[in-house]
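**Q** Following is a predicted model, sequence given first.
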Amino acid sequence: MRKLFVIIIALCGWNHADTNIWSSGTAHSLPKGQWEVGLFQPLRYGLTDNQDILLHHQGYYLPILSLKLLPNLVFKKTWTEKNSWTIASRHGFYYPTPLLQSITGAGKFKIVAPQFEFPTLIGLTNEILATRSVGTGQLTGKAGLLLGLGGGDLDPTSTIDVPLVYPRLAVYYNGWGLRLGADYVAPVKGRWSGFVDGDVFLYPGSASALFFETKVLLIWTKSSRLRFMVGYKLTYGEYP
């Protein structure tokens, strides 16, 4: 079944360093010793000037809970510059089993029927990112391989068929997938800037093989350490 969704977004982010770099989705790494975090935005820390780590969490005050329910870690390394492009690789590890088990059963906040069981699932992502200046902004392209390990015994009817969630869990049912995307960020006027991106999830061989997401944000930067964002996300996919 094909479904189209529009999601309204309101976010804020903190960068705990005197820098104007907001580089989470680009090939640039966060400078050594600097970190940034936001409501429903990743927590990042610069290991060196060309390496950083990232932790996805469920809110500014919940990183410990995030580690318990969804252990994950993403490592990015900026490698080189070639023909005006900055090249980086990004590698992620995800363990969604505790989170899936926590929402399985009967009762409040349970969205998966109790007859289903989730085994040990491991998600691995490996991506190449390339960023360059275009006009007054930065353009980033990315391509990645997604691997879902341990899902051989998953019941195909245990899927969570909601936007943003299903495209990221489908890899455990299919075993592998591809992610392609691009984004562009540029100043608009004064403290205002704009951001637009698009991502495609492909799961060859699956009945639900294609998902597309695009996001548009208007960003107001209060200082080098604080910004606010509002916008929308449009999702389209072939759901079971």
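**A** On my side now, so go ahead. Computed from a predicted model, the values in this text were never measured in an experiment. Numbering: from 1, shown residues only.

**Q** check which helix or strand covers Arg168.
**A** helix 166-174 (DSSP states H and E).

**Q** quick one, the next helix or strand after that helix and helix 166-174 angle?
**A** The element immediately downstream of helix 166-174 (helix or strand, assigned by DSSP H and E) is strand 176-189. Strand 176-189 runs at 160 degrees relative to helix 166-174, counting by axes from the mean of the first three to the mean of the last three CA atoms, to 10 degrees.

**Q** Strand 176-189 pairs with which strands, and in what direction?
**A** strand 137-149 (antiparallel), strand 192-202 (antiparallel) (DSSP bridges).

**Q** List of residues touching the shortest one?
**A** Looking back up the chat, that one is strand 192-202. 25, 146, 167-168, 170, 177-188, 209-221, 229, 231, 237 (CB atoms under 8 Å, 6 or more residues apart in numbering). Backbone N, C-alpha and C define where each C-beta goes, glycine included.

**Q** 7 Å - rerun?
**A** The contact list for strand 192-202 (CB atoms under 7 Å, 6 or more residues apart in numbering) reads 167, 177-188, 209-221.

**Q** Likewise for the longest one?
**A** In this structure, residues lying in contact with strand 137-149 by CB under 7 Å, 6+ apart are 25-27, 121-132, 171-172, 174-186.

**Q** which among the residues you listed end up buried?
**A** Buried members of the contacts of strand 137-149, counted by 16 or more other CB atoms under 10 Å: 25-27, 121, 123, 125, 127, 129-132, 171-172, 174-177, 179, 181-183, 185.

**Q** Spell out the residue ranges of the strands in this structure.
**A** Along the chain, the stretches classed as strands by DSSP state E are 2-16, 35-38, 41-48, 51-55, 72-82, 85-94, 122-134, 137-149, 176-189, 192-202, 210-223, 226-238.

**Q** Among those strands, which comes closest to Ile103?
**A** strand 85-94 (15.9 Å; CB to CB).

**Q** partner residues bridging the closest residue to Leu210 other than its chain neighbours?
**A** Using CB to CB, 6 or more residues apart in numbering and skipping residues adjacent in sequence, the residue nearest Leu210 is Glu238, 5.5 Å away. Counting by DSSP bridges, Glu238 is bridged to Arg2.
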